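Asks: this one's sequence-less:
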């Protein structure tokens, strides 16, 4: 039986690498479309300032892209090193979108990014714009296929378990591709990336304006970021509502934990703004609620109830008990694939197989599970409510704060010169970390809220890990933290360096802080 320490360490290692990798992904997703906008204006107008904007912000994009690729590759290796049984059990389904991502998206974006940086003097304006557009398309296709894989972990459609191979097998590729959870997650995630890219450009442009540097360059960048950011943050909020609906359909446990909804409330359920959560007694001491809102978001109706945690646990208890029958039938089929009685029993109870496997966290023979062990397994089916509840609310609060900022910034670009509003520029500068924090919290809520499952309702996390020693995982975790810390220092140094230099780093002779004064008119970044 796998030790809980090994499972927890493997989870921690993957969480560290995933959250670190996700520092770079949103900025890549957002910056690349801002580059498309800026270069499109350059092609249409011929104004060289827009070309300089594309090249300068492209430098910062390139630094971020390199770190994103470096950290993303190590994550994929972990499926084989730390999660070998997971890879064996669901590799036929989970591996397909990841393979397509590499062949279709990663090769496209990595090829186009090379042409983007080295093609300025070798391609025509329109050809280079096409390169930038294809680079953006490749980046978003990469996110699509990765989120299709992740969406299947959240809502495993288009597949079923085969007792012949003892693993999950794909039955409908199109169901996997058009999984509602995956599609909602994709549009919500990429929109959050667009907000991150817009905030990055807005904040740095604000800093230039506060310093009185490269005013026209900064004002144009600020204007693009404000408009793009306002559209993007509105999209995030609208699509977040859709994402909430898909969670309510496929993962009622996660929704109940996010809302600290212990009891099933009359429809339509209210949305708790804040609450004093008492996890020990499984209740809220008090809460401030907006009537009807959660019911409308979670069910799209005024009459459908959202089950509370206590009701969900009662249903999960029934499924765990029935799952014991499925596990027993599967063991019989492992011994004799032609056992007709076992086959019939397995077909009857196979939908509850994953719930029966939850007991193997505590006993190898599920028939030896005592009522106390069943209680432990039932409690495991609900993640901790406190971090889910507040993580979600902080994320939403940051989203509305950014909506207000982008709205005022966009309005300011239409009515007055933004450099005359230092309070707005300072606010934009201090809000720079906000989209990253919101993205990390969103990822945490999505992934932690799926626990105790690797594949929701199908494969428990404690069964997914490789048979490694605890010492090996400690060593690799320390190595990852050390290596990633070095990468983070390098990333921050380069980003701060070129951000401080500003467009002067291009060496064109048109901006402050020029770095090649002697050849400013011919130098190229």
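Replies: Cool, the structure landed. The model shown is predicted, which means the values in this text are computed figures rather than measured ones.

Asks: going forward, measure contacts between C-alpha atoms and count neighbours the same way
Replies: Will do.

Asks: Run through the helices of the stretch 301-450 of the chain in chain order.
Replies: Ranges of helices within the stretch 301-450 of the chain are 309-335, 340-349, 353-357, 371-380, 385-415, 422-430, 434-448, based on DSSP state H, counting those that start in this stretch.

Asks: cool, and the stretch 101-250 of the chain?
Replies: Using DSSP H, counting those that start in this stretch, the helices of the stretch 101-250 of the chain run over 107-118, 125-154, 173-177, 180-211, 215-250.

Asks: Pick the most buried one from the ones you listed.
Replies: helix 180-211 (a mean of 25; mean count of other Cα atoms under 10 Å).

Asks: list the helices and strands that one packs on?
Replies: Applying 3 or more Cα pairs under 8 Å, 6 or more residues apart in numbering; DSSP states H and E, we find helix 180-211 packed against helix 25-45, helix 125-154, helix 215-250, helix 422-430, helix 434-448.

Asks: Let's see that with 6 Å instead.
Replies: With contacts defined as 3 or more Cα pairs under 6 Å, 6 or more residues apart in numbering; DSSP states H and E, helix 180-211 has these neighbours: helix 25-45, helix 125-154, helix 215-250, helix 422-430.

Asks: Let me see the residues that make contact with the shortest one.
Replies: Yep, that's helix 422-430 we're talking about. Defining contact as Cα atoms under 6 Å, 6 or more residues apart in numbering, one finds that helix 422-430 is touched by 203, 206.

Asks: got the angle between that helix and helix 215-250?
Replies: Using axes from the mean of the first three to the mean of the last three Cα atoms, to 10 degrees, the direction of helix 422-430 lies 60 degrees away from that of helix 215-250.

Asks: Over helix 422-430, what's the mean pLDDT, rounded is fine.
Replies: For helix 422-430, mean pLDDT rounds to 96.

Asks: Let me know the angle separating it from helix 385-415.
Replies: Orientation check (the same axes, to 10 degrees): helix 422-430 against helix 385-415 gives 140 degrees.

Asks: in helix 422-430, what counts as buried?
Replies: 424-425, 428-429 (16 or more other Cα atoms under 10 Å).

Asks: Any chance of these in TSV with distance to residue 181 as columns?
Replies: Output for these, formatted as TSV (distance: Cα to Cα, whole Å):
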residue	distance to residue 181
424	37
425	38
428	33
429	34
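
Asks: related to what we said a few turns ago, want to try a markdown table for the helices of the stretch 101-250 of the chain, with mean pLDDT and distance to residue 269 as columns?
Replies: Shown next, in a markdown table, are these (pLDDT from 0 to 100; distance: least, Cα to Cα, whole Å):
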| stretch | mean pLDDT | distance to residue 269 |
| --- | --- | --- |
| helix 107-118 | 93 | 45 |
| helix 125-154 | 95 | 24 |
| helix 173-177 | 95 | 31 |
| helix 180-211 | 95 | 22 |
| helix 215-250 | 91 | 12 |
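
Asks: Columns distance to residue 35 on top of these, output as TSV?
Replies: Output for the helices of the stretch 101-250 of the chain, formatted as TSV (distance: least, Cα to Cα, whole Å):
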stretch	distance to residue 35
helix 107-118	10
helix 125-154	7
helix 173-177	29
helix 180-211	10
helix 215-250	10
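
Asks: Show me the one of those that comes nearest residue 438.
Replies: Of all the helices of the stretch 101-250 of the chain, it is helix 180-211 that lies closest to residue 438, at 8.5 Å by Cα to Cα.

Asks: lowest-confidence helix or strand of the chain?
Replies: The helix or strand of the chain with the lowest confidence, counting by mean pLDDT, DSSP states H and E, is helix 293-299 at a mean of 85.

Asks: Check the chain and tell me which residue is nearest its centre.
Replies: Taking Cα atoms, centre = their mean, the centroid of the chain lies closest to residue 443, which sits 4.5 Å from it.

Asks: per-residue pLDDT, that one?
Replies: Note for residue 443: predicted pLDDT of 94.

Asks: Report the separation between it and residue 465.
Replies: Residue 443 sits at a distance of 21 Å from residue 465 (criterion: Cα to Cα, to the nearest Å).

Asks: before we move on, the earlier item: which one among the buried residues of helix 422-430 gets closest to residue 349?
Replies: Closest to residue 349, out of all of the buried residues of helix 422-430 and judged by Cα to Cα, is residue 428, at 55.8 Å.

Asks: what's the distance between that closest one and residue 198?
Replies: Distance of residue 428 to residue 198, given as Cα to Cα: 11 Å.

Asks: how many other residues sit next to residue 420?
Replies: 12 (other Cα atoms under 10 Å).

Asks: Could you do residue 103 as well?
Replies: Using other Cα under 10 Å, residue 103 is surrounded by 12 other residues.

Asks: One more: residue 500?
Replies: Quick note: residue 500 (other Cα under 10 Å) scores 15 neighbours.

Asks: How about the backbone phi and psi for it?
Replies: Dihedral angles of residue 500 (phi, psi; degrees, to the nearest 10) stand at phi -70, psi -40.

Asks: pLDDT at it, what is it?
Replies: In this prediction, residue 500 carries a pLDDT score of 93.

Asks: That one and residue 152: what is the separation?
Replies: Look at residue 500 and residue 152: by Cα to Cα, they are 43 Å apart.

Asks: got it, and residue 426?
Replies: 42 Å.

Asks: cool, and residue 511?
Replies: Plainly put, residue 511 is 49 Å away from residue 152 if you go by Cα to Cα.

Asks: what's the answer for residue 488, then?
Replies: Taking Cα to Cα, one finds residue 488 at 31 Å from residue 152.

Asks: same thing with residue 452?
Replies: Taking Cα to Cα, one finds residue 452 at 16 Å from residue 152.

Asks: cool, and residue 339?
Replies: Using Cα to Cα, residue 339 is found at 31 Å from residue 152.

Asks: What of residue 90?
Replies: In terms of Cα to Cα, residue 90 sits 10 Å off from residue 152.

Asks: So residue 284: helix, strand or coil?
Replies: Put simply, residue 284 is strand when judged by DSSP: H, G, I helix; E, B strand; the rest coil.

Asks: Is it correct that it is in contact with residue 277?
Replies: Yes - between residue 284 and residue 277 there is a contact under Cα atoms under 6 Å: 4.5 Å.

Asks: out of the two, which sits in the more crowded spot?
Replies: residue 277 (19 against 14).

Asks: Could you confirm the more buried one falls within a strand?
Replies: Yes - under three-state DSSP, residue 277 sits within a strand.

Asks: quick one on the thing from earlier: between the helices of the stretch 101-250 of the chain, which one is closest to residue 53.
Replies: The nearest among the helices of the stretch 101-250 of the chain, by Cα to Cα, is helix 215-250 at 7.1 Å.

Asks: Just the mean pLDDT for the helix or strand that the closest one is followed by, thanks.
Replies: With elements assigned by DSSP states H and E, the helix or strand that comes after helix 215-250 is helix 252-258. For helix 252-258, the mean per-residue pLDDT is 93.
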